[in-house]
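*Asks:* Quick one, what's the 3D model for this:
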Amino acid sequence: MHLAGSYLENAPQTYRETASPGGRATGYQQPPDSSVREERGLHHSTIWCMLSWLGSQCVALAKGRQLILEQHPGSTCHRFVGAVAQHKSRSSQREQLLRQSRQLLHLIAEWDGLFSEKFFPRFATRSGFL
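*Replies:* Below you'll find the predicted structure:
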């Protein structure tokens, strides 16, 4: 989720740059006693898969907003538009998914400051929103 947020927050950043920051592939941490080098790494399309999944969580976004506003009526979480760089979307449908993803990521950051129960996986999956 950190990488998905990084992609959305940095306008010039691409999926490839997100998956391989500084040209170094994001991979698995090697066990200290391992003699075999792990060559598998994060594929750049994984970033889009995560963003499209996050963007489709409309019910979790709505319920999360509702609960945040009940807990903290002064919150402006419902006003955050979640605009993304125009060049990051090829269609209006894709733009909507990216915007909703960004809205949800911002909501999660606010949620974690208000509630002891983490939004993912505890709240959203237990509540049946997914």
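
*Asks:* Neighbours of residue 87, how many?
*Replies:* Residues lying near residue 87 (other Cβ atoms under 10 Å) number 9. From N, CA and C alone the C-beta is placed, and that goes for glycine too.

*Asks:* Where does the prediction get shaky in the chain?
*Replies:* 22-31, 34-41, 122-130 (pLDDT under 70).

*Asks:* Could the C-alpha coordinates of the helix of greatest length in it be exported in PDB?
*Replies:* As assigned by DSSP state H, the longest helix anywhere in the chain is helix 92-114. In PDB, the C-alpha atoms belonging to helix 92-114 read as follows (Å, rounded to 0.1, in the frame of the first residue of the first chain):
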ATOM      1  CA  SER A  92     -12.300   8.400 -17.200                       C
ATOM      2  CA  GLN A  93     -12.900   4.900 -15.700                       C
ATOM      3  CA  ARG A  94      -9.200   4.500 -14.800                       C
ATOM      4  CA  GLU A  95      -9.100   8.100 -13.500                       C
ATOM      5  CA  GLN A  96     -12.000   7.300 -11.200                       C
ATOM      6  CA  LEU A  97     -10.300   4.200  -9.800                       C
ATOM      7  CA  LEU A  98      -7.100   6.100  -9.100                       C
ATOM      8  CA  ARG A  99      -9.000   8.900  -7.400                       C
ATOM      9  CA  GLN A 100     -10.900   6.500  -5.200                       C
ATOM     10  CA  SER A 101      -7.700   4.700  -4.400                       C
ATOM     11  CA  ARG A 102      -6.100   8.000  -3.300                       C
ATOM     12  CA  GLN A 103      -9.200   8.900  -1.300                       C
ATOM     13  CA  LEU A 104      -9.100   5.500   0.500                       C
ATOM     14  CA  LEU A 105      -5.400   5.800   1.200                       C
ATOM     15  CA  HIS A 106      -5.900   9.300   2.800                       C
ATOM     16  CA  LEU A 107      -8.900   7.900   4.700                       C
ATOM     17  CA  ILE A 108      -6.700   5.100   6.100                       C
ATOM     18  CA  ALA A 109      -4.100   7.500   7.300                       C
ATOM     19  CA  GLU A 110      -6.700   9.500   9.200                       C
ATOM     20  CA  TRP A 111      -8.400   6.300  10.400                       C
ATOM     21  CA  ASP A 112      -5.100   5.100  12.000                       C
ATOM     22  CA  GLY A 113      -4.800   8.300  13.900                       C
ATOM     23  CA  LEU A 114      -8.400   8.000  15.400                       C
END
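
*Asks:* Before I go, just wanted to say thanks for your time.
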